[in-house]
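Trainee: Let me see the structure of the following:
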Amino acid sequence: MSRLFARALVPVDFAEATEAHIDQGHALEIAEGVHVELSPASVRALEIANDMVGRDAGGGLRIVHATPALDRTPVYGGAAGLNRLSGAIDEVHKAAKAAAMEAMQKLASQHCTGVNITYFAHPANALDLILSEAKAFDADVIVLAASGRSRVARFFLGSTADRVIRNAPCPVVVVPAHHGDD
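Mentor: Here you go, the predicted structure:
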């Protein structure tokens, strides 16, 4: 079967899983006792991207996740305070990246087959990370899940999906947050 695109970028977002999600089997264990919850739309976006890309040596998926970016501003204690905090901030970023990489790899192992996969996690604003990685990866398509926020929330906060669509260097496939049969 011929595939439509060679390279797809798939941003994924996740949060700490609740007990209910763990009990229902809707959580991914990334370390002993540590679970993350992924939206059904994020999982679906990954599955769609897996089906869309070519299987040749140059094709594949890049799964990306923006970890929280901690600010290094000197306003909290001046330069001396910043020097003391810098190592701690680096450690938090390193731990967040490791957790994100583990989550993305486990997610891919459950939902992707027969395709080359690379992973990228970095402390950043999600929009900036998606757009920069789309260019760096030379993505042919971005497949991303829409958030489940209300229209009012999107109006005031903006929508990452809307901004990606307007600024992406390639086509964007947006997977709805809610399926009609949910």
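Trainee: in the chain, what secondary structure element scores lowest on mean pLDDT?
Mentor: helix 151-157 (a mean of 47; mean pLDDT, DSSP states H and E).
Trainee: Can you give me the buried ones in the next helix or strand after that one?
Mentor: Next along the chain after helix 151-157, taking DSSP states H and E as the criterion, comes helix 160-167. Neighbour-count burial for helix 160-167 flags 160-161, 164 (criterion: 16 or more other CB atoms under 10 Å). From N, CA and C alone the C-beta is placed, and that goes for glycine too.
Trainee: Then stretch 60-73?
Mentor: Within stretch 60-73, the residues scored as buried using 16+ other CB under 10 Å are 60-67.
Trainee: Could you do stretch 96-112 as well?
Mentor: Within stretch 96-112, the residues scored as buried using 16+ other CB under 10 Å are 96-97, 99-104, 107-108, 111-112.
Trainee: Rebuild the buried residues of stretch 60-73 as TSV, extending it with distance to I130.
Mentor: Shown next, in TSV, are those (distance: CB to CB, whole Å):
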residue	distance to I130
G60	17
L61	14
R62	11
I63	12
V64	7
H65	10
A66	8
T67	13
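Trainee: coming back round to it: now flag whichever of the buried residues of helix 160-167 is closest to E133.
Mentor: V164 (11.1 Å; CB to CB).
Trainee: which ones are touching the closest one?
Mentor: V164 makes contact with 127, 130-131, 142, 144, 172, according to CB atoms under 8 Å, 6 or more residues apart in numbering.
Trainee: Just the buried subset of these, written out for PyMOL, thanks.
Mentor: Only the buried members of the contacts of V164 enter the following PyMOL selection, criterion being 16+ other CB under 10 Å:
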select buried, resi 127+130+131+142+144+172
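Trainee: Find the nearest non-adjacent residue to the spatially most central residue of the chain, please.
Mentor: The centre of the chain sits closest to V12, judged by CA atoms, centre = their mean, with a distance of 2.4 Å. Excluding the flanking residues, the one nearest V12 by CB to CB, 6 or more residues apart in numbering is S42, at 4.9 Å.
Trainee: which SS state does that neighbour fall under?
Mentor: helix (DSSP: H, G, I helix; E, B strand; the rest coil).
Trainee: What is the burial count for it?
Mentor: Close neighbours of S42, defined as other CB atoms under 10 Å, add up to 24.
Trainee: Roughly how far does it sit from D71?
Mentor: Separation of S42 from D71 (CB to CB, to the nearest Å): 27 Å.
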